[in-house]
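1. Build the 3D model from these lines:
(2 chains)
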Amino acid sequence: MYFLEAEDVVKQFSGHLALDKVSIQVPPGKIFGLLGPNGAGKTTLLRIINRITAPDSGSIRFNGLESRPEDVFRIGYMPEERGLYKKMKVGEQAIYLARLKGLSYPEAKKRLTEWFDKFEITSWWNRKLEELSKGMQQKIQFIITVIHKPELLIFDEPFSGFDPVNADRVKQEIAELKYLGHTIIFSTHNMASVEEICDEIALIDRSKVVLSGEVNEIRNRFKSNILNVALCWEGGIFSIDSNYYTVLSAKAQAGEIRMRIRKNPGVNNSEIITELSGSHEIMSFAEELPSMNDIFINTVSGTDSTQI
Amino acid sequence: MNKTGIIIKREYVRRVSKKSFLLVTFLMPFMVAALVFVPLWLSSIRSDEVKTVAVMDTTGKYASLFEDTGNFRFINSDKSLNDYRNSENKEIAAFLNITGDLLQNPEAAALYSEKQIPGELSRLVNQTLERALEEEKLASFNIPNLREIINESKVNLSVQTIKWGADGSENTSSAMVASMIGMIFTIIVYVFIVAYGSMVMQGVMEEKTNRIVELMISSVRPFDLMMGKIIGIAFVGLTQLFLWGIMTSALIMGGTFLLGGGAADIPAVQQGMSMAPGGMLMQSGVDMAAMQEVNEWLGIINSINFVEIGVFFILYFIGGYLLYAAIFAAIGSAINQQEDSNQFIAPVMVFMVFAVYAGIYSMDNPDGPLAFWCSMIPFTSPVVMMVRLPYDVPVWELLVSVALLLATAMAITWLSARIYRVGILMYGKKPDIKEIIKWVKY
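-> Coordinates of the predicted model:
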């Protein structure tokens, strides 16, 4: 059973179709990446899941049940357009928002103190929000999103606005939240983070889901049979002819040869290893999987960059 | 505490603890008190400098009439005006030149000075001369005891207005007092609705432009958010009114006590007291007759049913505020920038200003068709009915009007909530009326 399903969601705005029969399935306890170029409809879908806007047709289901107004309390949502009360003190504001999510005052205070300690921002408690930098405000926003420990966490572009150190910090926190049993959806343009922490993805382009599934499965699906091989080499003649593969490039230096080869159709990796190991010592052998970045550009633009 | 409660509390605490709120709330009563007492106090101070006035009376009939006062000393002089004009001596402040019999030629007297003549001096001169001339004229009729006869025949009449109660009782009523009380309440309602209604709009716009609203909507219903804001701000306004009422009365009572209670001060006290709730100044003469008048007034004030007025004041107040605050909230949610607000606020303000004018005209004819209809239409009734309330409006009219107002307020709140729900998440282009109607249906 999926934790969250969207089925054939259609949303029409005046003049254009924002979502065209979009369906996604988010399994429980996984990190689900929602990818897509700007304006593809990601934020609209997230808003529909949060019941901020209503879909024209289609349905959203939690654990197989049609979503109800109370379901929003099972969600922690960090919108892409970050916003907090500028004139309000950080701590006071955090407590206010946490209480609106149903926490009691002492509980809100306790959890916030823990989080503020964790992010080493306790000294900001009595500062006005407008005095903080954008990255600092982002941290507050992150804390407020997760404070009530909802089953589902939705982050819209969680890394934008963070420096690399803090982006990494947030990435770790998201991974830890998954470990604690939360289901997480996030939308992003940061493809490296998708490979690192996403279990599944859906790629939305021009209002439609164009690609979805497990990250590893997708990368395997898009692999282009290219291998990187390093062999020991003490000099002498090295033959590059083989029935199993064609060499794309080769470089010899410091006692080793590095090759980038393409398998011929219907050839197994083992067959190549057997052949190579007959003549040389194999130092490394790795299949080149396309990066999510390549797959993204590939799918969205329609040209196959991995073939080059 | 439920979520609306948490929102109400935040809206309230945040605004009440603002420096500007505290400043306005605590300074305003002092300003009102100052408005009452400073003129009183200033007029009680005599200037230390005694100005010398030279009287040049060629007839010799009038010079002896002028008696020295605290501010002016009169001296008789034989010199001519030209002598003074050319002399280096500047000790004399003004010159009264009388060149002929004033009964025959009223223009024969003139006051000269190198500076502006103080109003007090010209009044004093006029009064003195008038009295003397009056006596002279009376004497010329050669009728014995004419002065006494005239005094005897002076009649001072102020017709009592008496209203029959349903039980046959008679109450002294006063249209003056009634309209004054009505006007005070009218102005409170009007100012409150405009000031705090636009505060609601500012608050909604702040949340929208801050983009915090998306975060809020994911934890509370838009309706709760809107109502929390409207109710929270209502409490802010009530707190301010309450504090103003208490502080102004306390200051004025304290001030009166400090200034000391002479007979002449009593009307001033009453004057101060009566302006305490609404900041309206009543004009009353500072003389002995005023004292009697004040006592009459107190009787009339006591005859007005303040409990009834109070209850209806609160009902109209709540209904009117809710009605307009909801409209303001919807406007705030629909627009993106402050600059766009005028287009939508203007029609609302037209209603409000119309209501005030209708209220003012209703004062002359509180049971006329204008007053009647405007106190029935919910958009004007909170203001206009306040004017009519002290005049004993029939109960059925009150009930129909209140019911209409509350029903409309609820309907408008519902409508506004629907606009608000869509509007707060709409960024970009400025919506037109057609677009907003679409939101309501959505």
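
2. so where is chain A shaky, pLDDT-wise?
-> A:235-240, A:302-308 (pLDDT under 70).

3. Around the closest residue to chain B within it, how many other residues sit close by?
-> Using CB to the nearest CB, the single residue of chain A nearest to chain B is A:Gly83, 3.1 Å away. Quick note: C-beta positions are derived from backbone N, CA and C, even for glycine. Neighbours of A:Gly83 under the rule other CB atoms under 10 Å in any protein chain shown: 18.

4. Tell me who's in contact with the closest residue to it other than its chain neighbours.
-> Closest residue in space to A:Gly83, ignoring its immediate chain neighbours: B:Arg211 at 3.1 Å, by CB to CB, 6 or more residues apart in numbering or on different chains. By CB atoms under 8 Å, 6 or more residues apart in numbering or on different chains, B:Arg211 lies in contact with A:79, A:81-83.

5. Isn't A:Leu152 up against A:Val72?
-> No: with contact defined as CB atoms under 8 Å, A:Leu152 does not reach A:Val72; the gap is 9.9 Å.

6. Reformat the contacts of B:Arg211 as CSV; add secondary structure.
-> Listed next are the contacts of B:Arg211 as CSV, based on DSSP: H, G, I helix; E, B strand; the rest coil:
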residue, secondary structure
A:Pro79, coil
A:Glu81, coil
A:Arg82, coil
A:Gly83, coil
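
7. of the residues you listed, buried ones?
-> When the contacts of B:Arg211 are checked for burial by 16 or more other CB atoms under 10 Å in any protein chain shown, the buried set is A:79, A:82-83.

8. re the thing from before, can you tell me which of the contacts of B:Arg211 is nearest B:Ala33?
-> Nearest to B:Ala33 among the contacts of B:Arg211: A:Gly83, at 43.4 Å, using CB to CB.

9. Got the phi and psi for the closest one?
-> The phi/psi pair for A:Gly83 (degrees, to the nearest 10) reads phi -150, psi 140.

10. what residues does the stretch 1-150 of chain A put near chain B?
-> A:47, A:50, A:52-53, A:69, A:72-73, A:75, A:77-79, A:81-86, A:88, A:96-97, A:99-102, A:141, A:144 (CB under 8 Å from any CB of the partner chain).

11. From those residues, list the buried ones, please.
-> Of the residues of the stretch 1-150 of chain A next to chain B, these count as buried by 16+ other CB under 10 Å: A:47, A:50, A:52-53, A:72, A:75, A:77-79, A:82-86, A:88, A:96-97, A:99-101, A:141, A:144.

12. Next one: A:Lys118 from A:Pro150, what distance?
-> 18 Å (CB to CB, to the nearest Å).

13. So for the two, which residue has more residues nearby?
-> A:Pro150 (20 against 12).

14. Let me know the helix or strand that that one is in.
-> Using DSSP states H and E, A:Pro150 is not contained in any helix or strand.

15. Excluding chain neighbours, what is closest to it?
-> Here the residue nearest A:Pro150, using CB to CB, 6+ apart, is A:Gly76, at 4.3 Å.

16. Just confirm the one you found is within a strand.
-> Yes: checked against three-state DSSP, A:Gly76 lies within a strand.

17. List the residues that contact it.
-> A:101, A:145-148, A:150, A:152-154.

18. Could you rerun that using 6 Å?
-> A:145-146, A:150, A:153 (CB atoms under 6 Å, 6 or more residues apart in numbering or on different chains).

19. and what of A:Val267?
-> So A:Val267 contacts A:Tyr244 (CB under 6 Å, 6+ apart).

20. Please report how far it lies from A:Arg219.
-> 20 Å.

21. One more: A:Gly181?
-> 26 Å.

22. higher neighbour count, the two?
-> Neighbour comparison, A:Gly181 and A:Arg219: the larger count goes to A:Arg219, with 17 against 10 (by other CB under 10 Å).

23. I'd guessed the more buried one sits against A:Leu289; true?
-> Yes: with contacts counted by CB atoms under 6 Å, A:Arg219 reaches A:Leu289, the gap being 4.5 Å.

24. so how far is A:Val170 from whichever residue of chain B sits closest to chain A?
-> Nearest residue of chain B to chain A: B:Arg211, at 3.1 Å (CB to the nearest CB). In this view, B:Arg211 and A:Val170 are 20 Å apart by CB to CB.

25. likewise B:Ala329?
-> Counting by CB to CB, the separation of B:Ala329 from A:Val170 is 35 Å.

26. who has more neighbours, those two?
-> Set side by side, B:Ala329 and A:Val170 show more neighbours around B:Ala329, with 29 against 18, by other CB under 10 Å.

27. can you give me the offset of the longest helix seen in chain A from its chain's centre?
-> Ranked by residue count, the top helix of chain A under DSSP state H comes out as helix A:164-179. The chain centre lies 12 Å from the centre of helix A:164-179; the measure is CA atoms, centre = their mean, to the nearest Å.

28. Partner strands of the following helix or strand past that helix and their direction?
-> Going down the chain from helix A:164-179, the next helix or strand is strand A:183-188, by DSSP H and E. Next to strand A:183-188 in the sheet, as set by DSSP bridges, lie strand A:31-35 (parallel), strand A:152-156 (parallel).

29. Pipe those strands into JSON lines and attach distance to A:Val22 and mean neighbour count per row.
-> Below are the strands paired with strand A:183-188 laid out as JSON lines (distance: least, CB to CB, whole Å; neighbours: other CB atoms under 10 Å in any protein chain shown):
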{"stretch": "strand A:31-35", "distance to A:Val22": "10", "mean neighbour count": "26"}
{"stretch": "strand A:152-156", "distance to A:Val22": "15", "mean neighbour count": "24"}
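
30. wait, isn't A:Leu34 in contact with A:Thr43?
-> No: if you go by CB under 6 Å, A:Leu34 and A:Thr43 don't touch, sitting 9.3 Å apart.

31. Can you classify B:Val400 by secondary structure?
-> B:Val400 - assigned by three-state DSSP - is helix.

32. Could you count how many residues lie near it?
-> Per other CB under 10 Å, the neighbour tally for B:Val400 reads 14.

33. what does the stretch 51-200 of chain B have sitting close to chain A?
-> Nowhere does the stretch 51-200 of chain B come near chain A, counting by CB under 6 Å from any CB of the partner chain.

34. what are the ranges of the helices in the stretch 51-200 of chain B?
-> Remark: helices assigned in the stretch 51-200 of chain B by DSSP state H, counting those that start in this stretch are B:81-86, B:119-140, B:146-153, B:175-210.
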